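**Q** Any chance you could fold what I've pasted below:
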Amino acid sequence: MSQHVMSRRRFTGLVGLGVAGSLAGRADAFTRDQTPAPAVAPHPPNQVPPAPLARLDSNENPYGPSPAAREAISRSLDTYGRYPDAAEDRMREAIALHHGVGVAQVVLGCGSGEILRMADLAFLPAGKGVVAAEPTFEAVLRYAKVMQADAITVPLTPDFRHDLAKMAGSCTEQTGLVYVCNPNNPTGTIVRGDELEPFLRRLGPWTISVVDEAYHHFVEDPRYRSAMDLVPRFANLVVVRTFSKIYGMAGMRLGYAVASEPVIAAMARHALPSNSNAAVLEAALASLAAPDHATRQRAIFTDTRRRLCAEFEKDGRRYIPSETNFVMVHIGADVEPLIRRFGDRRIWVGRRFASMPEWLRVSLGTPQEMQVFVAALRELAPVRAAA
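**A** All right, here's what the predicted structure looks like:
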């Protein structure tokens, strides 16, 4: 097991110790072999603020790339002076082999954000609109707004999942794009495999369905099914993946899409030339060649998520069961002031979502970061206020 996996007793001990020792009275319930996190002093004006104690705001992987990927980055130093055309070709070939598709069915992007932008540019001409859940990852809607395309958002179901029936019913011949984030950001919920295919069959051939699987690798629910298996049967389906999450390369920027050849060709026309870099390409190739690392990473995040949710349950807090590397917890009041108070303590947490203003999204970090977060949450938002 990885050195980052901790026993339940050790994790719980970390959680109980507190941000500045303020909860030290509870220490007898936990192990005593950890030092409480230091109190936070304000930084002087006009100086760069100190690094955060806990960075839990952007669903990143705090452990970074695998050892094989790091070694590949070092080897790529000799190629930095050249455009990475050959490496891009090798990357597309590796992805095609990984998913059992043709190379012409793969397009690369500068993170999955550029992939989603390509989809908007390709399939939202004048008069076309987009349908998406509310809330969900906003990139497709943001780019659509820039293009002055109509956007229809459909509220989630009472259990915080995509309402596929209403989304399909909102699609017309003027719908150029429908976006499904699976698992969904920010709720961490999934569209089940038995729901996805019937939904896709309800869409007209003029509507491109984009299924964003950025958090695919974290899912444990056996009812989940990747849309990759459906690409051969749906010519209007685009599946998006990224190396930012489980592979730990958010700062290096590489995403990709798999779809039918005509759809990929339409998207590729809007790709920036050389939109990836030599280091991330080599790291991504090494990551695909070592799948066991992703499996171990999933185990680490699953373990951390379960322990965090156990702390929520101990406090009597509501949370949304998640299949990702983040969890939403109910605060009982608008989260904006709480987010600022966390920031004052150098704890970065997720942003406020307008349609879920009382729910706070927290990314999963290291056990030490979760210690800092849980202790601060208990102090800043006591359970009596959250109830």
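**Q** Show the pLDDT at the closest residue to residue 336 other than its chain neighbours.
**A** Spatial nearest neighbour of residue 336, chain neighbours left out: residue 352 (5.0 Å); criterion: CB to CB, 6 or more residues apart in numbering. For the C-beta atoms, the positions are set from N, CA and C on the backbone; glycine is no exception. Note for residue 352: predicted pLDDT of 97.
**Q** so residue 352 makes contact with residue 333?
**A** No: using CB atoms under 8 Å as the test, residue 352 is too far from residue 333 to be in contact (11.5 Å).
**Q** which one of the two has more residues nearby?
**A** residue 352 (16 against 13; other CB atoms under 10 Å).
**Q** give the contact list for that one.
**A** 334, 335, 336, 339 (CB atoms under 8 Å, 6 or more residues apart in numbering).
**Q** out of these, which are buried?
**A** Buried residues within those, counting neighbours by 16 or more other CB atoms under 10 Å: 335, 339.
**Q** Nearest to residue 71, out of the contacts of residue 352: which one, please.
**A** residue 339 (38.1 Å; CB to CB).
**Q** ok, which stretches of the stretch 1-150 of the chain are strands?
**A** 54-56, 106-109, 129-134, 150-155 (DSSP state E, counting those that start in this stretch).
**Q** Export the ones you listed to JSON lines and append columns for mean pLDDT, mean neighbour count and distance to residue 84.
**A** As requested, those are arranged in JSON lines below (pLDDT from 0 to 100; neighbours: other CB atoms under 10 Å; distance: least, CB to CB, whole Å):
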{"stretch": "strand 54-56", "mean pLDDT": "97", "mean neighbour count": "23", "distance to residue 84": "29"}
{"stretch": "strand 106-109", "mean pLDDT": "98", "mean neighbour count": "24", "distance to residue 84": "10"}
{"stretch": "strand 129-134", "mean pLDDT": "98", "mean neighbour count": "24", "distance to residue 84": "32"}
{"stretch": "strand 150-155", "mean pLDDT": "97", "mean neighbour count": "16", "distance to residue 84": "35"}
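**Q** would CSV of these with distance to residue 265 be doable?
**A** Listed next are those as CSV, based on distance: least, CB to CB, whole Å:
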stretch, distance to residue 265
strand 54-56, 39
strand 106-109, 9
strand 129-134, 21
strand 150-155, 26
